[in-house]
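# Sequence plus the predicted model coming up.
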Amino acid sequence: MSEAESNSGGEFEREPVPDSALLGSGKFWGMYAGEHAAGTEFMIGPLFLAAGASLSDLLLGLLLGNILAVLTWRFLVVPIAVAKRLTLYYQLECIAGGSLVKLYNLVNGLLFCFLAGAMITVSASAVGVPFDITFDVPETVLGLSNTSFTVLVFIVGVVITAVAAGGYERVARFANIAAPWMIGVFAACGIVSLAQMNVTGMEKLSSGEFWSESIAFVQEKNGPQTFGFWQIVVFAWLCNGAMHFGMADLSIFRFARSRSSGWAPAIGMFLGHYMAWISAGFLLAALIKVQPELVLSDDGKVTANPGLLAYKSVGWTGIICVIIAGWTTANPTIYRAGLAFQGMLPKSSRTAMTLVAGTVATVAGAFPNLSAKLLDFVGTYGTVLGPMGAVIVVDFYLMKRFGLRDQYASKSGTQINIAVLVAWVLPVVVGLYLIFVQGLFAAYAVIPCWVACAILYLILSKVLQNPNLGNDHA
């Protein structure tokens, strides 16, 4: 549920948004600024450095990738959103059937919980700094950190879940107030970090020597890794693949008065996914140069503790920023996961389902390696959920052109549109096999799975749709 939905009193979930409820562009620019300059940025920025991305590749790759992301929102999502003015979930229900959408909601909700769990880890890392509670990364993905940090994660998770259960309006208001301040702190972190490394002129900055030295330090401790230009481009483009290629933001842009609101993601991409990612990467580079012993875990490997990185740059302001940044990301994410779970059990209360989502997210947050795998996780997230967006695109643009019925589930009365089920599951299974068994970079699978889903949906609909379906079901 978007801020726009909150402002409309939570109405129009199963009907087009009326003209009287449409919103101007300003609402969308503010929302995207708060949504994409948040807790994940403190984790992702250092991960680029740790993965061996060169500074020049990072600067240019993020530029191109973020431009592609904005264009995808503007020209793929927005035209359908303003034409239909329906939520993602209701459109999928009309196309795929109510039972299949419940399966989608389960997968969607669980993935939201894992993302929120990473943000709980981020906030806990900052809360632990004043108490000298360390952020140890275990060797295994499902390994716990030390007992003190695990307890801290659960305390932070309980607080964040309680706020999320209180309703989206409270969450959105807090995020919108905090967003401009957080963006300023991100910028300050980058500037201070450069000063700490004596990078005081464009010549030193453009040479990237300080960045290369930091990569060498990490590679010596953690082993060699590479993260090239096209990986950066594809990651920046598709890290929000579920939102644009997956059409999740139909629920937001259905309130847009005009298509020009579709440019609003630009502020989130270039303040959050450009400036903030680079600034957060500078935090790790600076600490490696100034106090390298602080980035080493007990086993001698480099770890990126977001709270400690920000504290060593801008002091208590950094700690507060990391806490709030994780908070403002985890809160709406847990809230959305609760809505997804409620979609599976319509008779359940939103508050109860939000508490369930918060519990799952908090448990996930207790495993620090999940947050350390964000570069892979967001690609996997897009691979799983993105193809459902292809179903909506094909249904909107192509079904009638091929003599097929759009919104087939609602017109036939079926609860599971087999064409949608197979077109979604088959490419996703192949994509996950390539990612987890063959070692494919996760973001690379998003578009192939999306295209495969679109083609399969069209072909299977041609085979499976009942040509004698009457209009009495329409």
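Right, received. Where do you want to start? Numbers count the residues shown, from 1 in each chain.
# Could you pull out the buried residues of the helix or strand containing residue 328?
Under the criterion of DSSP states H and E, residue 328 resides in helix 316-344. Judged by neighbour count (16 or more other C-beta atoms under 10 Å), helix 316-344 contains these buried residues: 317-344. For every residue, glycine as well, the C-beta is placed using N, CA and C.
# Using the three-state scheme, assign the most centrally placed residue in the chain.
To find the centre residue of the chain, average its C-alpha atoms and take the closest one (C-alpha atoms, centre = their mean): that gives residue 240, at 5.2 Å. Three-state secondary structure (criterion: DSSP: H, G, I helix; E, B strand; the rest coil) places residue 240 in coil.
# Contacts only, for it.
36, 69, 378, 382 (C-beta atoms under 8 Å, 6 or more residues apart in numbering).
# Show the subsequent helix or strand relative to the lengthiest helix in the chain.
Ranked by residue count and defined by DSSP state H, the top helix of the chain is helix 98-128. Scanning the chain past helix 98-128 towards its C-terminal end, the next helix or strand to appear is helix 147-165 (assignment: DSSP H and E).
# Please report phi then psi for residue 296.
phi -100, psi 130 (degrees, to the nearest 10).
# For burial, what's the neighbour tally of the residue lying closest to it once chain neighbours are set aside?
With C-beta to C-beta, 6 or more residues apart in numbering as the measure, residue 302 is the residue that lies nearest to residue 296, at 6.4 Å, once sequence neighbours are left out. Other residues near residue 302 number 22, with proximity taken as other C-beta atoms under 10 Å.
# now residue 298
Residues contacting residue 298 under the criterion other C-beta under 10 Å number 10.
# Show me the shaky parts of the chain.
Per-residue confidence for the chain (pLDDT under 70) gives these ranges: 1-11, 13, 139, 141, 167-179, 470-474.
# ok, the nearest residue to residue 125 once chain neighbours are set aside - contacts?
The shortest distance from residue 125 to any residue that is not its chain neighbour, by C-beta to C-beta, 6+ apart, is 3.9 Å, and that residue is residue 307. Residue 307 is in contact with 122, 125-129, 135, 318-319, 322-323, counting by C-beta under 8 Å, 6+ apart.
# Could you say which helix or strand holds residue 307?
helix 306-314.
# what about residue 208, distance to residue 319?
Relative to residue 319, residue 208 is positioned 29 Å away (criterion: C-beta to C-beta, to the nearest Å).
# Make sure the residue nearest to residue 296 is actually in contact with residue 221.
Yes - with contact defined as C-beta atoms under 8 Å, residue 302 and residue 221 form a contacting pair (4.9 Å).
# Overlap of the contact sets of those two?
Shared contacts of residue 302 and residue 221, defined by C-beta under 8 Å, 6+ apart, are found at residue 296.
# Tell me the backbone dihedrals of residue 302, please.
The phi/psi pair for residue 302 (degrees, to the nearest 10) reads phi -80, psi 130.
# circling back to that earlier point, state the pair within the contacts of residue 307 that is farthest apart.
Distances among these were taken as C-beta to C-beta; the most separated pair is 135 and 318, at 14.5 Å.
# picking that back up, the inter-axis angle of the helix holding residue 307 versus helix 98-128?
50 degrees (axes from the mean of the first three to the mean of the last three C-alpha atoms, to 10 degrees).
# Also compute the angle for helix 306-314 relative to helix 316-344, please.
With the same axes, to 10 degrees applied, the angle from helix 306-314 to helix 316-344 works out at 150 degrees.
# tell me how far helix 306-314 is from the chain's mean position?
The chain centroid and the centroid of helix 306-314 are separated by 23 Å under C-alpha atoms, centre = their mean, to the nearest Å.
# just stretch 57-73 next, same as before
Computed by C-alpha atoms, centre = their mean, the separation of stretch 57-73 from the middle of its chain amounts to 16 Å.
# Would you mark the buried spots in it?
Applying 16+ other C-beta under 10 Å to stretch 57-73 flags 57-59, 61-73 as buried.
# Take those and keep only those in helices.
When those are checked against helices (DSSP H), the matches are 57-59, 61-72.
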